[in-house]
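K.L.:
Model the following, please.
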Amino acid sequence: MPVKRYKPTTAGRRLSSVDTFEDVTRTKPERKLTVHRKQHAGRKGGKITVRHRGGGAKRRIRLIDFKRDKFEIPAKIASIEYDPNRGARIALLHYADGEKRYMIAPQGLGVGDSVVSSKQKGEIQTGNRFPLEFIPIGIEIYDVELLPGKGAQAVRGAGTFAQLMAVEGAFATIKFPSGEMRMVPKQCMATIGHVSNPDRRLIRWGKAGRTRHRGFRPTVRGKAMNPVDHPHGGGEGRNPIGLKRPKTPTGKPAMGVRTRRRKASDRLIVKRRKKGRFVGGK
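P.N.:
Below is the predicted model:
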(Lines give C-alpha, C1' and ligand atoms only; values in the text may rest on other atoms or scores of the structure.)
Protein backbone atom coordinates (compact mmCIF):
# COMPACT_ATOMS: atom_id res chain seq x y z
CA MET A 1 0.00 0.00 0.00
CA PRO A 2 1.73 3.20 -1.14
CA VAL A 3 1.41 6.41 0.87
CA LYS A 4 0.54 9.50 -1.15
CA ARG A 5 1.73 13.06 -0.49
CA TYR A 6 0.07 16.14 -1.98
CA LYS A 7 1.48 19.49 -3.04
CA PRO A 8 1.81 21.75 0.03
CA THR A 9 -1.12 23.99 -0.89
CA THR A 10 -1.99 24.56 2.80
CA ALA A 11 -0.18 24.28 6.12
CA GLY A 12 -2.04 21.02 6.87
CA ARG A 13 -1.27 19.54 3.47
CA ARG A 14 2.42 20.36 3.78
CA LEU A 15 3.15 17.68 6.38
CA SER A 16 0.32 15.21 5.83
CA SER A 17 0.18 12.02 3.81
CA VAL A 18 -2.70 9.69 3.03
CA ASP A 19 -3.44 6.05 2.30
CA THR A 20 -4.06 5.41 -1.41
CA PHE A 21 -6.37 2.41 -0.78
CA GLU A 22 -5.08 0.75 -3.95
CA ASP A 23 -5.52 -2.70 -2.43
CA VAL A 24 -9.18 -2.15 -1.49
CA THR A 25 -11.56 -3.81 -3.95
CA ARG A 26 -14.93 -2.99 -2.36
CA THR A 27 -16.08 0.28 -0.79
CA LYS A 28 -19.15 -0.83 1.18
CA PRO A 29 -19.07 -3.64 3.77
CA GLU A 30 -21.27 -6.73 3.95
CA ARG A 31 -24.15 -5.22 5.90
CA LYS A 32 -25.09 -8.41 7.76
CA LEU A 33 -21.54 -8.64 9.10
CA THR A 34 -21.62 -5.20 10.75
CA VAL A 35 -23.19 -3.84 13.93
CA HIS A 36 -23.80 -0.35 15.28
CA ARG A 37 -20.92 1.18 17.24
CA LYS A 38 -22.09 3.01 20.33
CA GLN A 39 -20.11 6.10 21.25
CA HIS A 40 -19.01 6.15 24.90
CA ALA A 41 -16.49 9.02 24.61
CA GLY A 42 -14.14 7.40 27.12
CA ARG A 43 -16.80 7.28 29.83
CA LYS A 44 -18.03 4.51 32.08
CA GLY A 45 -21.05 5.15 34.27
CA GLY A 46 -20.97 8.81 33.19
CA LYS A 47 -17.43 9.39 34.43
CA ILE A 48 -14.40 9.83 32.16
CA THR A 49 -12.19 6.76 32.53
CA VAL A 50 -10.08 7.41 29.40
CA ARG A 51 -9.21 11.03 28.72
CA HIS A 52 -8.99 12.69 25.32
CA ARG A 53 -11.61 10.57 23.60
CA GLY A 54 -14.82 11.62 21.88
CA GLY A 55 -16.33 12.72 18.60
CA GLY A 56 -14.92 11.23 15.44
CA ALA A 57 -16.48 9.98 12.24
CA LYS A 58 -19.38 7.57 12.46
CA ARG A 59 -18.43 3.97 11.86
CA ARG A 60 -19.86 0.48 12.12
CA ILE A 61 -18.15 -2.47 13.76
CA ARG A 62 -17.09 -5.21 11.33
CA LEU A 63 -17.63 -8.65 12.86
CA ILE A 64 -14.27 -10.35 12.37
CA ASP A 65 -14.01 -14.12 12.70
CA PHE A 66 -10.98 -14.46 14.98
CA LYS A 67 -11.60 -18.18 15.61
CA ARG A 68 -11.81 -19.38 11.98
CA ASP A 69 -13.56 -22.51 13.30
CA LYS A 70 -15.05 -23.73 10.01
CA PHE A 71 -12.51 -26.52 9.69
CA GLU A 72 -11.71 -28.31 6.44
CA ILE A 73 -14.13 -26.08 4.49
CA PRO A 74 -12.28 -24.04 1.84
CA ALA A 75 -13.15 -20.38 1.38
CA LYS A 76 -12.49 -17.94 -1.45
CA ILE A 77 -11.57 -14.32 -0.90
CA ALA A 78 -14.40 -12.29 -2.45
CA SER A 79 -13.06 -8.81 -1.62
CA ILE A 80 -10.41 -6.86 0.28
CA GLU A 81 -12.02 -4.08 2.34
CA TYR A 82 -11.12 -1.10 4.50
CA ASP A 83 -11.98 -1.36 8.18
CA PRO A 84 -12.24 2.00 10.01
CA ASN A 85 -11.71 0.26 13.36
CA ARG A 86 -8.21 -1.09 12.62
CA GLY A 87 -5.14 -0.39 10.53
CA ALA A 88 -5.14 -3.73 8.71
CA ARG A 89 -7.35 -4.62 5.76
CA ILE A 90 -10.05 -7.25 6.12
CA ALA A 91 -11.00 -9.96 3.64
CA LEU A 92 -14.54 -11.18 2.95
CA LEU A 93 -14.57 -14.98 2.77
CA HIS A 94 -17.16 -16.96 0.80
CA TYR A 95 -17.16 -20.52 2.17
CA ALA A 96 -18.04 -23.52 0.03
CA ASP A 97 -21.22 -24.04 2.08
CA GLY A 98 -22.43 -20.50 1.31
CA GLU A 99 -21.57 -18.76 4.59
CA LYS A 100 -19.76 -15.41 4.59
CA ARG A 101 -17.25 -14.24 7.22
CA TYR A 102 -14.57 -11.61 7.64
CA MET A 103 -10.93 -12.31 8.47
CA ILE A 104 -7.93 -10.03 8.89
CA ALA A 105 -6.33 -10.02 5.45
CA PRO A 106 -2.70 -11.17 5.15
CA GLN A 107 -0.20 -9.37 2.94
CA GLY A 108 0.05 -10.84 -0.55
CA LEU A 109 -3.40 -12.44 -0.82
CA GLY A 110 -5.96 -11.13 -3.31
CA VAL A 111 -9.45 -11.67 -4.66
CA GLY A 112 -10.02 -15.22 -5.90
CA ASP A 113 -7.39 -16.86 -3.69
CA SER A 114 -8.45 -19.77 -1.48
CA VAL A 115 -7.76 -20.26 2.23
CA VAL A 116 -8.62 -23.02 4.66
CA SER A 117 -8.59 -23.61 8.41
CA SER A 118 -7.69 -27.06 9.69
CA LYS A 119 -6.83 -28.89 12.91
CA GLN A 120 -4.57 -31.24 11.00
CA LYS A 121 -1.45 -30.86 8.87
CA GLY A 122 -2.05 -29.08 5.60
CA GLU A 123 -0.54 -26.89 2.91
CA ILE A 124 1.63 -24.13 4.39
CA GLN A 125 0.22 -21.24 2.40
CA THR A 126 -0.45 -17.61 3.27
CA GLY A 127 -3.88 -17.25 4.89
CA ASN A 128 -4.25 -20.88 5.98
CA ARG A 129 -4.77 -21.51 9.70
CA PHE A 130 -3.39 -24.45 11.71
CA PRO A 131 -2.49 -25.41 15.29
CA LEU A 132 1.05 -24.33 16.18
CA GLU A 133 2.21 -27.95 16.46
CA PHE A 134 1.62 -28.44 12.71
CA ILE A 135 3.38 -25.25 11.56
CA PRO A 136 7.07 -25.48 10.51
CA ILE A 137 9.65 -23.77 12.72
CA GLY A 138 10.67 -20.28 11.58
CA ILE A 139 7.43 -19.52 9.70
CA GLU A 140 5.88 -16.03 10.00
CA ILE A 141 2.45 -16.14 11.65
CA TYR A 142 -0.25 -13.75 12.88
CA ASP A 143 -3.68 -13.90 14.56
CA VAL A 144 -2.20 -16.02 17.35
CA GLU A 145 -4.33 -17.64 20.04
CA LEU A 146 -3.04 -17.56 23.61
CA LEU A 147 -5.56 -20.10 24.89
CA PRO A 148 -6.90 -22.95 22.72
CA GLY A 149 -10.31 -22.13 21.26
CA LYS A 150 -10.43 -18.55 22.56
CA GLY A 151 -9.71 -16.95 19.20
CA ALA A 152 -6.86 -14.74 18.02
CA GLN A 153 -5.72 -12.27 20.66
CA ALA A 154 -2.18 -11.36 19.60
CA VAL A 155 -0.41 -10.09 16.46
CA ARG A 156 -3.37 -8.43 14.75
CA GLY A 157 -1.98 -4.94 14.00
CA ALA A 158 -1.21 -3.68 10.51
CA GLY A 159 2.06 -5.05 9.13
CA THR A 160 2.89 -7.18 12.18
CA PHE A 161 3.95 -10.80 12.37
CA ALA A 162 5.34 -13.25 14.93
CA GLN A 163 7.81 -16.08 14.38
CA LEU A 164 7.48 -19.66 15.56
CA MET A 165 10.79 -20.50 17.26
CA ALA A 166 10.28 -24.00 18.69
CA VAL A 167 7.75 -26.69 19.64
CA GLU A 168 8.71 -28.73 22.67
CA GLY A 169 6.48 -30.82 24.90
CA ALA A 170 3.08 -29.21 25.40
CA PHE A 171 4.18 -25.71 24.39
CA ALA A 172 5.33 -23.74 21.37
CA THR A 173 7.74 -20.80 21.73
CA ILE A 174 6.82 -17.68 19.76
CA LYS A 175 8.77 -14.47 19.22
CA PHE A 176 6.27 -11.61 19.20
CA PRO A 177 6.66 -8.25 17.38
CA SER A 178 7.68 -6.57 20.66
CA GLY A 179 10.66 -8.91 20.95
CA GLU A 180 9.11 -10.89 23.79
CA MET A 181 9.46 -14.65 23.55
CA ARG A 182 6.63 -16.57 25.15
CA MET A 183 5.46 -20.15 25.40
CA VAL A 184 1.94 -20.85 24.14
CA PRO A 185 0.05 -24.17 24.23
CA LYS A 186 0.80 -25.97 20.98
CA GLN A 187 -2.94 -26.59 20.35
CA CYS A 188 -3.43 -22.82 19.84
CA MET A 189 -4.21 -21.76 16.28
CA ALA A 190 -2.30 -19.25 14.16
CA THR A 191 -2.56 -17.99 10.58
CA ILE A 192 0.32 -18.22 8.10
CA GLY A 193 1.73 -14.92 6.84
CA HIS A 194 1.84 -11.38 8.17
CA VAL A 195 -0.85 -8.74 8.52
CA SER A 196 -1.68 -6.53 5.54
CA ASN A 197 -1.16 -2.77 5.17
CA PRO A 198 2.41 -2.52 6.54
CA ASP A 199 2.83 1.08 5.32
CA ARG A 200 0.18 2.45 7.67
CA ARG A 201 2.86 3.46 10.17
CA LEU A 202 4.26 5.86 7.53
CA ILE A 203 1.10 7.98 7.39
CA ARG A 204 1.52 11.50 8.78
CA TRP A 205 -1.80 12.90 9.97
CA GLY A 206 -0.65 16.46 9.34
CA LYS A 207 -3.32 18.46 11.12
CA ALA A 208 -5.52 18.37 14.19
CA GLY A 209 -8.73 17.88 12.20
CA ARG A 210 -7.71 14.45 10.91
CA THR A 211 -6.94 13.35 14.46
CA ARG A 212 -10.38 14.55 15.58
CA HIS A 213 -11.97 12.46 12.83
CA ARG A 214 -10.30 9.42 14.41
CA GLY A 215 -11.99 10.15 17.74
CA PHE A 216 -9.09 11.78 19.62
CA ARG A 217 -9.69 15.04 21.47
CA PRO A 218 -6.97 17.60 22.30
CA THR A 219 -4.42 16.93 25.04
CA VAL A 220 -3.45 19.73 27.44
CA ARG A 221 -0.17 19.63 29.38
CA GLY A 222 -0.58 19.18 33.11
CA LYS A 223 1.89 21.99 33.88
CA ALA A 224 -0.33 24.39 31.91
CA MET A 225 -3.22 23.74 34.34
CA ASN A 226 -4.02 25.03 37.81
CA PRO A 227 -3.03 23.05 40.93
CA VAL A 228 -6.68 22.10 41.48
CA ASP A 229 -6.76 20.38 38.09
CA HIS A 230 -3.41 18.57 37.94
CA PRO A 231 -0.46 17.76 40.27
CA HIS A 232 1.88 19.45 37.73
CA GLY A 233 -0.14 22.67 37.71
CA GLY A 234 0.48 26.06 39.27
CA GLY A 235 3.49 28.32 39.58
CA GLU A 236 4.34 31.63 37.96
CA GLY A 237 5.35 31.54 34.32
CA ARG A 238 6.97 28.46 32.82
CA ASN A 239 8.23 26.23 35.59
CA PRO A 240 9.16 22.55 35.89
CA ILE A 241 6.59 20.27 37.49
CA GLY A 242 8.26 20.56 40.91
CA LEU A 243 8.02 16.84 41.66
CA LYS A 244 10.48 13.96 41.82
CA ARG A 245 8.56 12.11 39.12
CA PRO A 246 5.60 12.80 36.80
CA LYS A 247 2.10 11.99 38.03
CA THR A 248 -1.30 11.36 36.50
CA PRO A 249 -4.18 13.81 37.12
CA THR A 250 -5.24 11.60 40.05
CA GLY A 251 -1.78 11.70 41.63
CA LYS A 252 -0.46 8.26 40.68
CA PRO A 253 3.11 7.89 39.34
CA ALA A 254 3.28 7.98 35.55
CA MET A 255 5.67 7.67 32.59
CA GLY A 256 7.95 4.66 32.91
CA VAL A 257 6.25 3.15 35.95
CA ARG A 258 5.64 -0.58 35.72
CA THR A 259 1.92 -1.23 35.47
CA ARG A 260 1.88 -4.91 34.60
CA ARG A 261 0.64 -6.91 37.54
CA ARG A 262 2.04 -10.32 38.38
CA LYS A 263 0.10 -12.92 36.43
CA ALA A 264 0.09 -16.69 36.41
CA SER A 265 1.12 -16.52 32.74
CA ASP A 266 4.39 -14.74 33.63
CA ARG A 267 6.01 -18.16 33.99
CA LEU A 268 5.47 -18.69 30.25
CA ILE A 269 7.61 -15.68 29.29
CA VAL A 270 11.02 -16.89 28.10
CA LYS A 271 12.48 -13.47 27.27
CA ARG A 272 11.13 -9.99 28.00
CA ARG A 273 10.44 -7.46 25.29
CA LYS A 274 13.10 -5.20 23.74
CA LYS A 275 15.05 -2.63 25.71
CA GLY A 276 13.59 0.84 25.65
CA ARG A 277 10.06 -0.51 26.06
CA PHE A 278 8.14 -1.26 29.24
CA VAL A 279 9.17 -4.70 30.53
CA GLY A 280 6.89 -5.15 33.55
CA GLY A 281 7.04 -8.25 35.72
CA LYS A 282 9.42 -8.17 38.65
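K.L.:
Only C-alpha atoms from now on, for both contacts and neighbour counts.
P.N.:
Will do.
K.L.:
Which helix or strand contains R182?
P.N.:
strand 181-185 (DSSP states H and E).
K.L.:
Where does G209 fall, secondary structure wise?
P.N.:
G209 belongs to helix 208-213 when assigned by DSSP H and E.
K.L.:
for the record, mean pLDDT for that helix?
P.N.:
Across helix 208-213, the average pLDDT comes to 94.
K.L.:
before we move on, back to that, what helices or strands is the strand holding R182 leaning on?
P.N.:
On a contact count with 3 or more CA pairs under 8 Å, 6 or more residues apart in numbering; DSSP states H and E, strand 181-185 meets strand 171-175, strand 269-271.
K.L.:
how about the ones you listed in TSV, adding mean neighbour count?
P.N.:
Shown next, in TSV, are the helices and strands packed on strand 181-185 (neighbours: other CA atoms under 10 Å):
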stretch	mean neighbour count
strand 171-175	22
strand 269-271	14
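K.L.:
quick one: which of those strands is nearest S16?
P.N.:
S16 lies closest to strand 171-175 among the helices and strands packed on strand 181-185, at 33.6 Å (CA to CA).
K.L.:
Mind listing the strands that closest one pairs with, and their directions?
P.N.:
Strand 171-175 pairs in its sheet with strand 162-168 (antiparallel), strand 181-185 (antiparallel), by DSSP bridges.
K.L.:
on that earlier part again, how about the helices and strands packed on strand 181-185, which one is nearest D229?
P.N.:
With respect to D229, and counting by CA to CA, the nearest of the helices and strands packed on strand 181-185 is strand 269-271 at 39.8 Å.
K.L.:
Point out the other elements, helices or strands, that the closest one touches.
P.N.:
So strand 269-271, by 3+ CA pairs under 8 Å, 6+ apart, packs with strand 181-185.
K.L.:
Could you point out the helix or strand that follows the strand it packs on?
P.N.:
Next along from strand 181-185, by DSSP H and E: strand 189-192.
K.L.:
That next one: how far from the chain's middle?
P.N.:
In terms of CA atoms, centre = their mean, to the nearest Å, the gap separating the centre of strand 189-192 from the centre of its chain is 16 Å.
K.L.:
Next: stretch 259-275.
P.N.:
With CA atoms, centre = their mean, you get 19 Å for stretch 259-275.
K.L.:
Quick check: buried residues in that stretch?
P.N.:
Of all the residues in stretch 259-275, those buried under the rule 16 or more other CA atoms under 10 Å are I269, R272, R273.
K.L.:
tell me how far the strand holding R182 is from the chain's mean position?
P.N.:
19 Å.
K.L.:
Same question for the residue sitting furthest away from the middle of the chain, what's its three-state structure.
P.N.:
Within the chain, the residue lying farthest from the chain centre (CA atoms, centre = their mean) is E236, at 42.3 Å. Classification of E236 by DSSP: H, G, I helix; E, B strand; the rest coil places it in coil.
K.L.:
Please tell me how far it sits from N226.
P.N.:
11 Å (CA to CA, to the nearest Å).
K.L.:
same question, E133
P.N.:
57 Å.
K.L.:
can you check G193 too?
P.N.:
51 Å.
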